[in-house]
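Asks: Could you work out the structure for the sequence below:
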Amino acid sequence: MTMATIQILVDEAGNILGTAQQPSASEGEGAPEGVRLVAGAGQQLAEVEVADELLEGSAADLYAHLKQNFLG
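Replies: All right, here's what the predicted structure looks like:
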């Protein structure tokens, strides 16, 4: 099973505000080398590993998995 590292941005109530995954390689001239979420006031940023299969499904399934396994 292959794993991917993603970032999770959550608010004070533990709601997921967004996720981001680093691309494996930038493509094309001038392409950014990566993206990164930035937490604002009252927000937290976590980095976790998930199975690649989870990233191929719906956002709802991914968020449910993240809430159950990482945000308790």
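Asks: shouldn't residue 20 be in contact with residue 34?
Replies: No - proximity of residue 20 to residue 34 does not meet the contact threshold set by C-beta atoms under 8 Å, at 9.1 Å. Placement of C-beta: from N, CA and C, glycine included.
Asks: Between these two, which is the more surrounded one?
Replies: residue 20 (14 against 11; other C-beta atoms under 10 Å).
Asks: quick check, distance from whatever helix or strand the more buried one lives in to the centre of its chain.
Replies: In the assignment (DSSP states H and E), residue 20 maps to strand 16-21. Centroid separation between strand 16-21 and its chain, computed with C-alpha atoms, centre = their mean, to the nearest Å, is 4 Å.
Asks: now swap in stretch 54-72 and tell me
Replies: 10 Å.
Asks: Name the residues of it that come out as buried.
Replies: 54, 62, 66 (16 or more other C-beta atoms under 10 Å).
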